[in-house]
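Undergrad: Give me a model of this one.
(2 chains)
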2 protein chains.
Amino acid sequence: MSLTVKFEKLLAGRSELFRASEVRELLKVTEGGDVISLAGGYPDPRVFPKDDLAEIAKEVISDEASRALQYSPTAGVTEFREELKKFMRRRGVTVRSDDDIIVTTGSQQALDLVARTFVEKDDEIIVELPTYLAALNAFRLSKPGMTAIPLDESGMRTDILESEIKRLKWLGREIKFIYTIPVAHNPTGITMSLERKKELLEIASKYDLVIIEDDPYSYFVYDDGVDITPIKTLDKEGRVVYMSTFSKILAPGLRIGWVLGNEYVTNVLERAKQTADLHTSTLTQIIAMEALRRGVVDKTIDKARQIYRVKRDAMLEALKKYMVEEAWWPNPVGGFFVMVFLPSYDIDTKKMLPEALKKGVAYVPGASFFANGMGWNTMRLNFSYPSPEQIDEGVKRLAGLIQEKLTGEKVRITPISFFKSGGMF
Amino acid sequence: MSLTVKFEKLLAGRSELFRASEVRELLKVTEGGDVISLAGGYPDPRVFPKDDLAEIAKEVISDEASRALQYSPTAGVTEFREELKKFMRRRGVTVRSDDDIIVTTGSQQALDLVARTFVEKDDEIIVELPTYLAALNAFRLSKPGMTAIPLDESGMRTDILESEIKRLKWLGREIKFIYTIPVAHNPTGITMSLERKKELLEIASKYDLVIIEDDPYSYFVYDDGVDITPIKTLDKEGRVVYMSTFSKILAPGLRIGWVLGNEYVTNVLERAKQTADLHTSTLTQIIAMEALRRGVVDKTIDKARQIYRVKRDAMLEALKKYMVEEAWWPNPVGGFFVMVFLPSYDIDTKKMLPEALKKGVAYVPGASFFANGMGWNTMRLNFSYPSPEQIDEGVKRLAGLIQEKLTGEKVRITPISFFKSGGMF
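TA: Below is the predicted model of the structure:
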């Protein structure tokens, strides 16, 4: 359609950064159809403590309307921030005397504020390879250079990290932070070993770098013996900025996340947030605060972990049963996802998506999680939302399609080839 | 305090843009004390329909938890957007066939998204003189050039607007939009005449410019015979992007605003919002939707208008009774504020604020509303939150202080000197 007003021209400068994602548009169209979605990252609604929340919402509006419905401080409702500090300590996350907490409109806003305050055009940031696509999208708006460090099954390859830092220093780049999802990583489900976390901190200390620790999933680790110590807790120098969210442990519709870190940082984030949305909904903050106080959050975490473990197992079983032999996936000890690596570079999962949708199954093509322009033979599969039956059927449909496509050169993808530095990705 | 980690250096690039506002810090400290605040823009909590909202919140969580507590589309809950379109039409705001609506986390986010999508460094934008300070704060983050057009009692001076546009064109500047609050303007309470609105549209059409129409206050016009036709409704070309908010007509704690405009624009805003906070709280959107459906919003508007009219009258009476004779203020036909112009340039209201706080009264120094670095002899007074008694006492304290300060040169501030182009400001 041609426009009377030249909006295209007026918005042109930003159009590349704000262009529509083809994948997203494709997935949008299929919503609500007969398609089994392994694409999103939605919690199972059975997990929502709806009776508790209905009661809490009614109470806080009836009893304290003049607070719950009014404007509130940009950093968050004061008592809620205190409650969050207690929650952090209960979860084993160290809160230092020079730390503070700022509430954000979901952890997406935390990522956006971190990007807007730390990063200027031509600064450098370090991310994991692969990493959460919405973090990449938030960061790239500040037009930084981006260096991606491969993972292995113990998490970020700290040896590669150090050699990359040396290279960046040699180039004269200003490194603003290292972004990591150490526990139950999105999209791979990998968890960083204690040793790696310590190495990461040593390197950060040696080169005086900030670590942004994103932790939405440590509440959902399904296997025993997995170390989930936060990097924040191991940090003796206050260089870790930690963030988490209520989206998986209570309800995403409340849009509540938070950032815990040095008060110098939270103060700057607060001023950026003032311009971004003034403050997060007072009502949903007070609902979340009451849910913490009444033990609803802890109860929800326990219930959810059980439900998601069953689904994780269902997905691993379905993959084992149906998926082509040469495909490979890291073992997801926690979180919501499995990332599958397909054994042929002839298969581009983004190009394959429309065919998969026709077969009645959706996934997220993996390339968007790779900051180095690769990963086109990977896909992220979600198990938190679909039922075990849907997971079985969805994986079956997907595996059938992949089998059909596998006519070209096959490569046996193994942890060794996956993790080889400068190798396959 | 010295930091172990060099956060100052890492955040230095943005520190100027995200520096703490002295005024804000001052006003923060005095919260909850014996000080009468004429500073904020808070609704009177008596206006909140708390029983209705408590009931609605309980119902929507109990009956539709799997929707109300879940993630929802970035542009807003679909049915809510439809309900908003109906509300807009009911309010006399034209919704074109090529228009769409996007829900935002308060209108602050609408301002932020507009800035982030339309404006790049060195673009030019046009604002009113004075104008809403949080809009200026949102816009400046994109580092634009900013041209400010004086108001008179009929609104934006369109003659000055056109001559400024010609000058900017001559300079080769790219003008991205004209930002206006035409009805019950913040901070002055002035409303643009129908004639001026038409002239503004003619000029926008002639030079092919976009108008951003910010409308939080047209619900609260207290005097008869005031034309409140939205510019959006007069626009035959689709060049007006209209925004409003539930903060004053239901409850600010819900954090719900919206933008109505050409779908090309709302699509780009939607993609920017995806990175900013993924979506606005599903729960508060659904609460607002039900409040619209059940007539709670219309009822709240009627009730609030009556309450605020009494308070507006109380403030005008107090000003007449106590304020120094040579001071001047435009007549606020609507909205939440009166802007007072003091008759001496020796009085800097920002410097005077600590003294006022000591005397037990707070206000917002006017300079922050002036994009041309002036206005230091002005102050914005709020009447929506304090009681009529507090308004009387607050203005009395303030007038007393100003009388004490008025030892130097006095200037009789009049509409004529105020509105003289390139004159007193």
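Undergrad: Is A:Q109 in contact with B:H279, as I believe?
TA: No. The criterion here is C-beta atoms under 8 Å, and A:Q109 misses it with B:H279 at 10.9 Å. Quick note: C-beta positions are derived from backbone N, CA and C, even for glycine.
Undergrad: So between these two, which is more surrounded?
TA: Using other C-beta atoms under 10 Å in any protein chain shown as the criterion, A:Q109 and B:H279 rank with A:Q109 on top: 31 against 25.
Undergrad: In contact with the more buried one: list those residues for me.
TA: A:G257, A:K273, A:A276, A:D277, A:T280, B:A276, B:D277 (C-beta atoms under 8 Å, 6 or more residues apart in numbering or on different chains).
Undergrad: Go through those residues and flag which are in helices.
TA: Of the contacts of A:Q109, the ones assigned to helices by DSSP state H are A:K273, A:A276, A:D277, B:A276, B:D277.
Undergrad: export the residues you listed to TSV and tack on pLDDT, neighbour count and distance to A:R239?
TA: As requested, those are exported to TSV (pLDDT from 0 to 100; neighbours: other C-beta atoms under 10 Å in any protein chain shown; distance: C-beta to C-beta, whole Å):
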residue	pLDDT	neighbour count	distance to A:R239
A:K273	97	29	22
A:A276	97	28	25
A:D277	97	27	28
B:A276	97	28	26
B:D277	97	27	26
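Undergrad: From the residues you listed, pick the one nearest A:S218.
TA: Comparing the ones in helices among the contacts of A:Q109 against A:S218 with C-beta to C-beta picks out B:D277 as the nearest, at 22.3 Å.
Undergrad: ok, now how distant is that closest one from A:T245?
TA: 12 Å (C-beta to C-beta, to the nearest Å).
Undergrad: Check the contact lists of those two and give me the overlap.
TA: A:G106.
Undergrad: Can you name the element that comes right after the helix or strand containing A:V338?
TA: Following DSSP states H and E, one finds A:V338 within strand A:337-341. Later in the chain than strand A:337-341, the nearest helix or strand by DSSP H and E is helix A:349-358.
Undergrad: Tell me the spacing between A:F337 and A:W329.
TA: Counting by C-beta to C-beta, the gap from A:F337 to A:W329 is 10 Å.
Undergrad: just A:T147 next, same as before
TA: Taking C-beta to C-beta, one finds A:T147 at 25 Å from A:W329.
Undergrad: what do you get for A:L250?
TA: 29 Å.
Undergrad: Stretch A:282-291 and chain B, are they touching?
TA: Yes. Using C-beta under 8 Å from any C-beta of the partner chain, stretch A:282-291 reaches chain B at A:T282, A:L283, A:T284, A:I287.
Undergrad: Might you report the residue contacts of the last one?
TA: When the contact criterion is C-beta under 8 Å, 6+ apart, the partners of A:I287 are A:L53, A:I56, A:A57, A:V60, A:L254, B:L283.
Undergrad: How far does the longest strand along chain A sit from its chain's centre?
TA: Longest strand in chain A by number of residues (criterion: DSSP state E): strand A:145-152. The chain centre lies 15 Å from the centre of strand A:145-152; the measure is C-alpha atoms, centre = their mean, to the nearest Å.
Undergrad: Check stretch A:116-127 too.
TA: Worked out by C-alpha atoms, centre = their mean, stretch A:116-127 lies 19 Å from the chain centre.
Undergrad: what's next to it, contact-wise?
TA: With C-beta under 8 Å, 6+ apart as the criterion, stretch A:116-127 contacts A:135-136, A:139, A:141-149, A:161, A:164-165, A:168, A:173-179, A:209-210, A:265, A:268-269, A:272, A:276, A:371, B:10-11, B:13-14, B:18, B:141.
Undergrad: just checking, what packs against the longest helix seen in chain A?
TA: Looking across chain A with DSSP H, the single longest helix is helix A:296-322. Helix A:296-322 is packed against helix A:50-68, helix A:282-293, strand A:337-341, helix A:388-405, with contacts defined by 3 or more C-beta pairs under 8 Å, 6 or more residues apart in numbering or on different chains; DSSP states H and E.
Undergrad: which SS state does A:V268 fall under?
TA: Three-state call for A:V268 (DSSP: H, G, I helix; E, B strand; the rest coil): helix.
Undergrad: I'd say it and B:L10 touch.
TA: No. A:V268 is beyond contact range of B:L10, at 9.7 Å (criterion: C-beta under 8 Å).
Undergrad: Which one's more surrounded, the two?
TA: A:V268 (27 against 24).
Undergrad: ok, now how distant is that one from chain B?
TA: 5 Å (C-beta to the nearest C-beta, to the nearest Å).
Undergrad: what about the strand holding A:V338, near chain B?
TA: No. No part of strand A:337-341 sits near chain B under the criterion C-beta under 8 Å from any C-beta; the closest distance found is 15.4 Å.
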